[in-house]
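Q: The sequence and its predicted three-dimensional model are supplied below.
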Amino acid sequence: MSMSMETQIRRAPIGGSQAEVAVILTVIVSSYNTRRLLLDCLASIYANPPSEPYEIVVVDDASRDGSSAAVRAAYPEVRLLVNEANQHYTHSNNRAIGQARGRFLLLLNSDTLVLPNALDEMIGFLKSRPACGVVGCKLLNEDMTLQWSVKSYPGLGSALFGARSPITRFFPNNPFSRKYLPQLQENLSKPLLLKEGFVSGAASMIPRAVVDEIGLLDPIFFYHVDADYCKRITEAGYECYYLPSASIIHLEHRGGTMVNTRSRFRALLMFELYNYAWYRKHLNKSSKYLMEPVVIFGLGAHFLASAFVLSVKEVASKFDRGAAPSAK
């Protein structure tokens, strides 16, 4: 069999004469101005597809970089939905969920690369555990080092000892960071049940039946969408698991909303605003108003500290580029 014929067969869409075949997996990819990343993501899915029948639904969130035309040209079998105006992550994914036909739904960022057997591992895990409502995989950085994809719910503890914390960065083995970042546990090679935490939405798989019961992603969130959805799933009586046997590369901060200095500072501010939205929705209602001034002060202080660190990084980066020797 020639390589081109093999590729054609592996890329055959579910539909047409195969319409009677049940779709097991729907891969949903929301993209905004990530044309190159999106094409690489789709290529990785086709290079490492699941063994079960599947479909891919891409939502182009009103990109201006030619993403839709590129997908149509390179992957005409992909189901492409195009938003006329930028609707953001939750709205785009909810639109795709409404049209998905799979028994399982994989929410996948456009800045990811699927590795061999990852999709089959996640599908197999969900099939073997009917009580599991969402499963996340091991996320890797571009250099194949481990990325934090399992976290505790947003709160004071996660702010002080979570993935973004300087304490965790410089003293990763302290007992508090190990509590809030379970992946710091040594020899974490088996599936991990999360009772007070969530898996990253960069690559999470959910049974369609659970989505139908729980409902769509909450549109009030941009950050913490994954934390909110995992919490809703576990509160409904289902389980949330981290599956280290499935690996996907996540090229963090390469997307269309993080491409320049202004966007990165805006992201810091938005992160704190959505922290407040999380607090308003999920924390104890009896103490909500008593603690609100403290929460607002803490979020403001956290933003100023984060903005200072980012400013230092941006200045250092520009200095390094300016100091680079020119070729003679």
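A: That came through, no problem.

Q: Only the buried residues of the helix or strand harbouring residue 247, if you could.
A: In this assignment (DSSP states H and E), residue 247 forms part of strand 239-250. Using 16 or more other Cβ atoms under 10 Å as the test for burial, strand 239-250 gives 239-244, 246-250. Where you see a C-beta, it was placed from the backbone N, CA and C, and this is true even at glycine.

Q: and what of stretch 44-55?
A: 44-45, 48-50, 52-55.

Q: In JSON lines: the residues you listed, plus secondary structure and pLDDT.
A: Formatted as JSON lines, the buried residues of stretch 44-55 follow (DSSP: H, G, I helix; E, B strand; the rest coil; pLDDT from 0 to 100):
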{"residue": "44", "secondary structure": "helix", "pLDDT": "98"}
{"residue": "45", "secondary structure": "helix", "pLDDT": "98"}
{"residue": "48", "secondary structure": "coil", "pLDDT": "98"}
{"residue": "49", "secondary structure": "coil", "pLDDT": "98"}
{"residue": "50", "secondary structure": "coil", "pLDDT": "98"}
{"residue": "52", "secondary structure": "coil", "pLDDT": "96"}
{"residue": "53", "secondary structure": "coil", "pLDDT": "97"}
{"residue": "54", "secondary structure": "strand", "pLDDT": "98"}
{"residue": "55", "secondary structure": "strand", "pLDDT": "98"}
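
Q: now, the most widely separated pair of the residues you listed?
A: By the measure Cβ to Cβ, 44 and 53 form the most distant pair in those, at 18.7 Å.

Q: now the helices: where do they sit in the stretch 51-200 of the chain?
A: 67-74, 88-99, 118-128, 156-161, 166-170, 175-180 (DSSP state H, counting those that start in this stretch).

Q: Ranked by average pLDDT, which of those helices falls at the bottom?
A: Mean pLDDT is lowest for helix 156-161 among those, at a mean of 62.

Q: wait, what's in contact with the spatially most central residue of the chain?
A: Centroid-nearest residue in the chain, with Cα atoms, centre = their mean: residue 202, separated by 1.5 Å. Residue 202 is in contact with 108-109, 111-112, 139, 149, 248, 250, counting by Cβ atoms under 8 Å, 6 or more residues apart in numbering.

Q: list the buried ones in stretch 125-135?
A: Within stretch 125-135, judged by 16+ other Cβ under 10 Å, the buried ones are 125-126, 132-135.

Q: Widest-spaced pair of these?
A: Maximum pairwise distance in the buried residues of stretch 125-135, criterion Cβ to Cβ, is 12.0 Å, between 125 and 133.

Q: before we move on, back to that, among the buried residues of stretch 125-135, which one lies nearest to residue 89?
A: Nearest to residue 89 among the buried residues of stretch 125-135, with distances taken as Cβ to Cβ, is residue 134, at 16.5 Å.

Q: Which strand residues bridge that closest one?
A: Using DSSP bridges, the beta-bridge partners of residue 134 come out as residue 240.

Q: coming back round to it: got JSON lines for the buried residues of stretch 44-55, with distance to residue 76 too?
A: Formatted as JSON lines, those follow (distance: Cβ to Cβ, whole Å):
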{"residue": "44", "distance to residue 76": "18"}
{"residue": "45", "distance to residue 76": "15"}
{"residue": "48", "distance to residue 76": "20"}
{"residue": "49", "distance to residue 76": "17"}
{"residue": "50", "distance to residue 76": "20"}
{"residue": "52", "distance to residue 76": "22"}
{"residue": "53", "distance to residue 76": "18"}
{"residue": "54", "distance to residue 76": "16"}
{"residue": "55", "distance to residue 76": "13"}
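
Q: which residues of the stretch 1-150 of the chain score low on pLDDT?
A: 1-20 (pLDDT under 70).

Q: mind listing what the nearest residue to residue 238 once chain neighbours are set aside touches?
A: Spatially, and ignoring its direct neighbours in sequence, residue 238 is nearest to residue 133 (2.7 Å; Cβ to Cβ, 6 or more residues apart in numbering). By Cβ under 8 Å, 6+ apart, the contact list for residue 133 reads 206-207, 210, 214, 233-234, 236, 238-240.

Q: Compare the residues you listed and tell me which has the most neighbours.
A: Using other Cβ atoms under 10 Å as the neighbour test, the contacts of residue 133 are led by residue 240, with 24 neighbours.

Q: Please determine how far that one is located from residue 31.
A: 26 Å (Cβ to Cβ, to the nearest Å).

Q: what does residue 317 give?
A: In terms of Cβ to Cβ, residue 317 sits 26 Å off from residue 31.

Q: With neighbour numbers in mind, choose between the two.
A: Here residue 317 and residue 31 are compared on neighbour count by other Cβ under 10 Å; more neighbours surround residue 31, at 26 against 11.

Q: Could you report the distance from that one to residue 217?
A: In terms of Cβ to Cβ, residue 31 sits 16 Å off from residue 217.

Q: And for residue 40?
A: 25 Å.

Q: More neighbours: which of those two?
A: Neighbours around residue 40 and residue 217, counted as other Cβ under 10 Å, are more numerous at residue 217. The numbers are 22 against 16.
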